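J.: missing the sequence, but the structure's below:
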Ligand code: HEM
């Protein structure tokens, strides 16, 4: 027995000595104690971003947790986020392994979860060139115009009726995106709206599943049990998306074959299919699976994020009639009442832009951004962040930090972004870490230009072309603003409101 104790003490001493020599004696950031085996997972609760926000109040802006066998570090201040995403960006340019990437996103063959490297660079370049560059944005301007007109037409048919605002806006954002990527609306024909509803439901389910902290991702020994039933649902959902994309690609090929050389299509899918035959600059060819994985990213990352932000913006404006009035006065003076707002008006609408920034601040679409992983040990603020740690950046918490937002951080006050306001110079492009709804660094949102443009354009249109009333029984002061957690932060109770036209009749698209 004495020998055993001696051996134990000796081994412990040697290990401690080796840690000292290797420099690993640095402390992990502070954090709450966890349970055996599963660690802090059970403490996350139904709204993890809020739980982690509360923990940062106790432990500080860098909190250390353990999910199963995985070290997790949470950054909850602008300074901490900047350390991780600017100073240490190269070290955190990969995403951690997870069941969503495996079972839904074609086993990491997509862009969102692609390992940082040549393939990731090629996929980003393709998207930038054909969808998000200034030129591509210009090329598809008419497509966005057409879909926003369609949104107005649809709403104008429903004057005085209760409308599911998020649903209408989602259809618009999705169709604008899919016309640019695959040359057509998501669903054509007379069942179009029903189809759009089904597609939206698939995206929402994906976002819900992607937001779940799946025990199997953190305790590999329990993965086979699929305790939360997440993997089973993921596989089923993947099958639905896969079938959908197979259909789109097959139909597209058929159309390409029929088209003569003049009639070649210019959407992104045609270009991707072209790349199947010849290797790109990096010598990488695209398979059908690569193409489907990329479409999955674009169709999911770019739709619910955009539409739920517009829904939050309108809800905030309905709750603050004085701000709605102010935004409408600005729109009326810049656009007038004889036509709809156009994208070229947006730079002349500083108050509208401030409303959008304030919406992104209080209702960031991805409250915990997308996770990153440390490729090697690093030191942040004197703390050790071990290799393999998962990084969560709590953008929701950062954007309501009173030390960065001293003027009533929880109040909806767009004027803070106007000239002379405390945050006049803050932009959304990953430079100002107190407001990073699109993330920052190398893996900042690939669709930022499109997402921001569509949120501004749709919000401006909804409040310029319509006044909004609540349905019977609801009162402005008590409009439910609760959040439902998922990878995207949706409204717990969808916004249902009644549109009323407010422009000259000739401003509305023809067949109203
Ligand atoms: C309101 C709109 C949107 C918001 C708030 C948003 C937010 C984000 C965030 C927070 C990230 C993670 C960034 C990071 O790791 O630092 C991200 C990544 C990404 N987003 Fe967006 N997004 C929006 C719209 C879009 C659109 C319209 C598209 C494309 C159609 C898109 C495609 C992507 C892709 C492909 C990535 C992965 C980038 C990579 O890993 O390299 N997003 N987005």
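T.: Received it, and whenever you're ready, just let me know what you need. Worth saying up front: this structure is predicted, and the values here are computed from it rather than measured. Residues are numbered from 1 along each chain as shown.
J.: Would you mind listing the buried residues in stretch 437-452?
T.: Applying a neighbour-count criterion of 16 or more other C-beta atoms under 10 Å, one finds 437-443, 445-452 buried in stretch 437-452. C-betas here are computed from N, CA, C, even on glycine.
J.: residues near residue 242, how many?
T.: 16 (other C-beta atoms under 10 Å).
J.: quick one: it from residue 90, how far?
T.: 34 Å (C-beta to C-beta, to the nearest Å).
J.: Residue of the stretch 1-150 of the chain closest to the ligand, please.
T.: residue 112 (4.2 Å; C-beta to the nearest ligand atom).
J.: wait, does stretch 86-103 contact the ligand?
T.: No - Stretch 86-103 lies apart from the ligand when judged by C-beta under 6 Å from any ligand atom; the minimum separation is 6.8 Å.
J.: Need the phi and psi values for residue 497.
T.: Residue 497 has phi and psi values of phi -150, psi 160 when expressed as degrees, to the nearest 10.
J.: Run through the bridge partners of the nearest residue to it once chain neighbours are set aside.
T.: Closest residue to residue 497 in three dimensions, ignoring its sequence neighbours and counting by C-beta to C-beta, 6 or more residues apart in numbering: residue 468, at 4.7 Å. For residue 468, the beta-bridge partners are residue 499 (DSSP bridges).
J.: show me the contacts for residue 468.
T.: 314, 317, 318, 324, 462, 497, 498, 499, 500 (C-beta atoms under 8 Å, 6 or more residues apart in numbering).
J.: Can you tell me which of those residues are buried?
T.: If we count by 16+ other C-beta under 10 Å, the contacts of residue 468 have these buried: 314, 317, 318, 324, 462, 497, 498, 499.
J.: pLDDT score for the fourth one?
T.: Spelled out, it's residue 324. Per-residue confidence (pLDDT) for residue 324: 98.
J.: Next: the second one.
T.: According to the predicted model, the pLDDT of residue 317 comes to 98.
J.: any weak-confidence spans in the stretch 201-350 of the chain?
T.: 260-266, 276-284 (pLDDT under 70).
J.: List the residues that contact residue 267.
T.: Contacts of residue 267 by C-beta under 8 Å, 6+ apart are 179, 180, 181, 182, 183.
J.: One more: residue 375?
T.: Listed by C-beta under 8 Å, 6+ apart, the contact set of residue 375 reads 91, 92, 93, 94, 387.
J.: would you list those in CSV and tack on secondary structure?
T.: CSV is the format used below for the contacts of residue 375 (DSSP: H, G, I helix; E, B strand; the rest coil):
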residue, secondary structure
91, helix
92, helix
93, coil
94, strand
387, coil
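J.: Which one of those sits in the busiest neighbourhood?
T.: Ranked by the number of neighbours (other C-beta under 10 Å), the contacts of residue 375 place residue 92 first, at 26 neighbours.
J.: what residues are up against that residue?
T.: Per C-beta under 8 Å, 6+ apart, neighbours of residue 92: 84, 85, 372, 373, 374, 375, 391, 441.
J.: The nearest residue to residue 331 once chain neighbours are set aside - how many residues pack around it?
T.: Among residues not flanking residue 331 along the chain, residue 464 sits closest, at 4.2 Å (C-beta to C-beta, 6+ apart). Residues near residue 464, counting by other C-beta under 10 Å, number 26.
J.: who touches residue 464 in this structure?
T.: Contacts of residue 464 by C-beta under 8 Å, 6+ apart are 328, 331, 332, 335, 340, 341, 502, 503.
J.: Apply 10 Å and report the result again.
T.: 152, 327-328, 330-332, 334-337, 339-341, 345, 349, 352, 502-503, 507 (C-beta atoms under 10 Å, 6 or more residues apart in numbering).
J.: now swap in residue 105 and tell me
T.: With C-beta under 10 Å, 6+ apart, residue 105 has these contacts: 98, 111-114, 206, 210, 234, 238, 241, 292-294, 296-297, 300.
J.: Can you tell me which residues in the stretch 1-150 of the chain are near the ligand?
T.: Counting by C-beta under 6 Å from any ligand atom, the residues of the stretch 1-150 of the chain near the ligand are 111, 112, 124.
J.: Who wins on neighbours among the contacts of residue 267?
T.: Going by other C-beta under 10 Å, residue 180 tops these with 25 neighbours.
J.: Check whether that one really touches residue 146, as I assumed.
T.: No - Residue 180 is not in contact with residue 146 according to C-beta atoms under 10 Å; the separation is 11.2 Å.
J.: Quick check: neighbours shared by those two?
T.: With contacts taken as C-beta under 10 Å, 6+ apart, residue 180 and residue 146 have residue 140 as neighbours in common.
J.: just to revisit the earlier point, and of the contacts of residue 105, the nearest to residue 57?
T.: Nearest to residue 57, judged by C-beta to C-beta, of the contacts of residue 105 is residue 210 at 26.8 Å.
J.: ok, back up a step: which SSE is the residue nearest to residue 331 in?
T.: Taking DSSP states H and E as the criterion, residue 464 maps to helix 448-465.
J.: Mind checking the pLDDT average for that helix?
T.: Here the average pLDDT along helix 448-465 is 98.
J.: can you check stretch 53-72 too?
T.: 98.
J.: and the end-to-end length of that stretch?
T.: End-to-end span of stretch 53-72 (C-alpha to C-alpha, to the nearest Å): 15 Å.
J.: got it, and stretch 77-97?
T.: 25 Å.
J.: now the end-to-end length of stretch 408-421.
T.: Terminal-residue distance, stretch 408-421 (C-alpha to C-alpha): 13 Å.
J.: re earlier: near the ligand too, which of the buried residues of stretch 437-452?
T.: Applying C-beta under 6 Å from any ligand atom to these, those adjacent to the ligand are 437, 438, 439, 440, 441, 443, 445, 446, 447, 450, 451.
J.: And the furthest pair within these?
T.: That would be 441 and 450, which, of these, are the farthest apart (C-beta to C-beta) at 19.3 Å.
J.: Can you list phi and psi of whichever residue of the stretch 201-350 of the chain sits closest to the ligand for me?
T.: Here the stretch 201-350 of the chain gets closest to the ligand at one residue, residue 302, 2.6 Å apart by C-beta to the nearest ligand atom. The phi and psi values for residue 302, taken as degrees, to the nearest 10, are phi -100, psi 0.
J.: That one contacts residue 112, doesn't it?
T.: No - using C-beta under 10 Å, residue 302 is not in contact with residue 112, being 11.1 Å away.
J.: between those two, what contacts are shared?
T.: Common contacts of residue 302 and residue 112 (C-beta under 10 Å, 6+ apart): 445, 446.
J.: Look at these two and report which has more neighbours.
T.: Ranked by neighbour count (other C-beta under 10 Å), residue 302 and residue 112 place residue 302 first, with 26 against 23.
J.: ok, that one - contacts?
T.: 131-132, 173-174, 176-178, 180-181, 203, 445-447, 450-451, 454.
J.: Looking at those residues, which one is closest to residue 63?
T.: residue 445 (24.4 Å).
J.: Okay, now stretch 359-369: how far is its last residue from its first?
T.: Terminal residues of stretch 359-369 lie 16 Å apart, using C-alpha to C-alpha.
J.: what is the mean pLDDT for it?
T.: In this model, stretch 359-369 has a mean pLDDT of 97.
J.: any bit of it sitting next to the ligand?
T.: Yes - for a cut-off given as C-beta under 6 Å from any ligand atom, stretch 359-369 has contacts with the ligand, namely 365, 366, 369.
J.: so the second one touches residue 306, yeah?
T.: It stands for residue 366. No - contact between residue 366 and residue 306 fails when scored by C-beta under 10 Å: they sit 11.8 Å apart.
J.: dump the residue contacts of residue 161.
T.: Residue 161 makes contact with 155, 471, 496, 498, 499 under the criterion C-beta under 10 Å, 6+ apart.
J.: taking those residues as a set, which two sit the farthest apart in space?
T.: So, those by C-beta to C-beta: farthest apart are 155 and 471, at 14.9 Å.
J.: So between those two, which is more surrounded?
T.: Shown here are residue 155 and residue 471; by other C-beta under 10 Å, residue 155 has more neighbours (26 against 11).
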